[in-house]
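Trainee: Structure of the sequence below:
(chains A and B)
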Amino acid sequence: MAIKLFLVEDHELIRGGIKSLLSGGNYNIIGEFDRPRLAFESIAQGNIPEIIVMDISLPEMNGLDAARHLKEHHPDIRIIILSMHKDEEYVMECLNQDIMGYVVKDSVADEIRQAIDKVHAGQKYFSKEVINLALNAHKKIKTRQKEIDEINLTRREREVLALIADGKINNEIADMLFISERTVEAHRANIMKKMEARNTAELVRKAIAKNLL
Amino acid sequence: MQKILVSEDSIIVNQHICKTLEGSGYEVYSAFTGKEAVRKANEHHPDLILMDIMMESKSDGIEAAVEIKHTLDIPIIFLTALTDEGTLDKVKDSQPYGYIVKPFNEVELLSNIQVAIHKSKAENEVKNNRDLFQASINSIDQTFFLFDAEDKIFYLNTRAEAMLGRQYNTVIGESANTVLAMARRSTGETVDFEQLRASEADRLFDSELVLKTKKEEIPIGDVILKQVEIRNGSFYTLFLFKDISDRVKARELELEMEKKRITSLIEGQENERSRLAREIHDGIGQMINLVKIKINSLSDSAEKKELLSILEQTLDEVRNVSENLHPSRLNDFSLEKNLEKLISQFNQDSAVKFTFTASDVPDLDLTKKTHVFRIVQEAISNIIKHSKAKESTIQLYGIDKQVQLTIEDDGVGYDAKALKSGTHHGLQNIQYRVNSMNGNFTLDSNAKSGTMLLITLPV
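Mentor: Numbering: from 1, shown residues only, chains lettered A, B, ... in the order given. Purely as a prediction, here's the structure:
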């Protein structure tokens, strides 16, 4: 049985290109659309593909949002993103969304076939070029998480925090640091956010506990 | 010739007085009852009336005098044989010019008459002057107040009454600072006459002064506050101003229009860039991809390899151009993700160490996302170009239905001159973008502690 496919891509030429790449294989393109809405409508009428090959930048709704929508309403349909983007954000977003495949548009001819076959067999397929990106991104996120976990106050924030702990009020701090009261308020709000404190007492308590004073 | 009406019920006395007066060159009319006196006064408009208090054994002379006083305002001298105080008290109501107690002699009569006529003339002159003064003051299109030396309200014109919504006599004698509650329009801070006097009122408070009345706050301008001294040495303060609501409204409208113009300019530019970026990326880029795929399917050769390499470079160039015009990620990802990416790019390329923290940022629409993205881009390139900073921290938080963006650096601070003159192009651009989001932008900068840009936006 040929694999039933939808092609969602707003560029006619690209659609043509993909079609010619897939011709002669075990593929049956049962729908071609230039925007996700039309694909949804076709599905609603009972024309249900096994795999949707979809671009990211599309009219009315982008491919990532469309994938989210499909995941929710038709979890059986598998999605392969066919994209111009070689950026970690896009790749990470697809991984997060549990999208089965990500193929960059300028990949070699048989990549798209490989992707469809693997995804059809229940495996994931990501273009070689983007796999590295994803791994890098993952590493970065880990270091970032570490950075976020250790509270990083700016020099000015540490000064403000010390004065708050000293019992000084905003306008006194402003005078002492030669900055405006509004700026002090902003620093205070930033510190509270970073230290997840709801009031001054909690802030001071946490600051002492974390040796920030 | 001056005219005198003699009102006296005793024919003998009446005749005697008439003769005496005619002999002295007056034109004389006589009446024998109060009613007749009123009628003849109306008919002849005499310069003076001699009025007997008791006529036909009734005190109708007083009633007649009161009536004449009210309608005609002719000076009256009472003739009376009575000197008891009760009668004199009653007579006071008609504000007589004098009493002559019978019996009287000719000299007494004539001198009393002359004094009364003279006094009446002088009084009329004063009254006319006052009328003229009031009419003039009421006719000017400014609100007019006169305070005495203790800043109590001494006089005000009809325009002032109307503006305060209060009657003349409820205001007179009141303290100026209580009646005229003024404030600065922008801050709401109270302004009293001490402060007004200490300043060059109109220049310092240009379009900034409001008068608070019971109903509303009226912007006032063209203020004149002057001390005047009159001949007896007493001081008064002249306080004049205009209701400039229309002028203020027009100016606000102008500013609003200007803001809209700049906003639509920036947004139009941004939309156009976004459109161009998309067309380049998704149009030209996709075509190149297609060519690449076609070439890939050709049999391997040195030419194929070269072509593919050129195409790869072309694609990179297309991506760069498109990203510089408008990052496509802005359409597809959250502001935090976009800023994270932007800042990590700057971290790779510059000596400044940038740190970015964000949390609780609510979803923003594409316009706002783009504005904030551009603001951070602008601020960071300012830091790299001018600040000599080592470190910079960018923070973006959702706080109480607001988004707070702060950009700190430990550099040398902004050039105060450029800041003051408002010619710092990058900052102006940030200001426009913040304005168009109805946000608030402040900058705290000094050479010692570096710079902090603070932007708050309503969600």
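
Trainee: make it CA atoms for all contacts and neighbour counts henceforth
Mentor: Noted.

Trainee: Those residues of chain A touching chain B, which are they?
Mentor: Neighbours of chain B within chain A, by C-alpha under 8 Å from any C-alpha of the partner chain: A:11, A:13-14, A:17, A:57, A:62, A:64, A:84, A:89, A:105-109, A:148, A:154, A:156, A:179-180, A:183, A:186, A:189-190, A:193.

Trainee: Of those, keep whichever come out buried.
Mentor: For the residues of chain A next to chain B, a burial check counting by 16 or more other C-alpha atoms under 10 Å in any protein chain shown picks out A:11, A:14, A:17, A:57, A:62, A:64, A:84, A:89, A:105-109, A:154, A:156, A:179-180, A:183, A:186, A:189-190, A:193.

Trainee: what residue ranges in chain B score low on pLDDT?
Mentor: B:56-59, B:82-88, B:94, B:200-206, B:416-423 (pLDDT under 70).

Trainee: Could you list the paired strands of the lengthiest strand in it along with their orientation?
Mentor: Ranked by number of residues, the top strand in chain B under DSSP state E is strand B:217-229. Applying DSSP bridges to the sheet, strand B:217-229 is found paired with strand B:209-212 (antiparallel), strand B:235-243 (antiparallel).

Trainee: Please list the outside residues in contact with the longest one.
Mentor: If you take C-alpha atoms under 8 Å, 6 or more residues apart in numbering or on different chains as the criterion, strand B:235-243 is touched by B:141-149, B:151, B:218-229.

Trainee: Contacts only, for whatever residue of chain A ends up closest to chain B.
Mentor: Closest contact between chain A and chain B, by C-alpha to the nearest C-alpha, is at residue A:106 (4.9 Å). For residue A:106, the contacting residues are A:84, B:289, B:290, B:292, B:293, by C-alpha under 8 Å, 6+ apart.

Trainee: same check, this time on residue A:93
Mentor: residue A:64.

Trainee: isn't there a helix covering it?
Mentor: Yes. Counting by DSSP: H, G, I helix; E, B strand; the rest coil, residue A:93 is part of a helix.

Trainee: Give me the pLDDT value at it.
Mentor: Listed pLDDT for residue A:93 reads 88.

Trainee: how about the closest residue to residue B:367 other than its chain neighbours, secondary structure?
Mentor: Leaving aside its sequence neighbours, residue B:367 sits nearest to residue B:267 (C-alpha to C-alpha, 6 or more residues apart in numbering or on different chains; 7.6 Å). Following three-state DSSP, the label given to residue B:267 is helix.

Trainee: State the number of residues packed around residue B:267.
Mentor: 17 (other C-alpha atoms under 10 Å in any protein chain shown).

Trainee: Any idea how many residues pack against residue 98?
Mentor: In the absence of a named chain, this looks at chain A. 15.

Trainee: let's do chain B instead
Mentor: 16.

Trainee: Contact partners for it?
Mentor: Applying C-alpha under 8 Å, 6+ apart, the residues near residue B:98 are B:76, B:77, B:78, B:112, B:116.

Trainee: Helices - which of those land there?
Mentor: Judged by DSSP state H, the subset of these located in helices is B:112, B:116.

Trainee: most neighbours, which of the contacts of residue B:98?
Mentor: Busiest of the contacts of residue B:98 [other C-alpha under 10 Å] is residue B:76, holding 27 neighbours.

Trainee: which residues touch it?
Mentor: Per C-alpha under 8 Å, 6+ apart, neighbours of residue B:76: B:48, B:49, B:50, B:51, B:65, B:96, B:97, B:98.

Trainee: From residue B:39, how far off is it?
Mentor: Using C-alpha to C-alpha, to the nearest Å, residue B:76 is found at 15 Å from residue B:39.

Trainee: Nice, that's everything, thank you.
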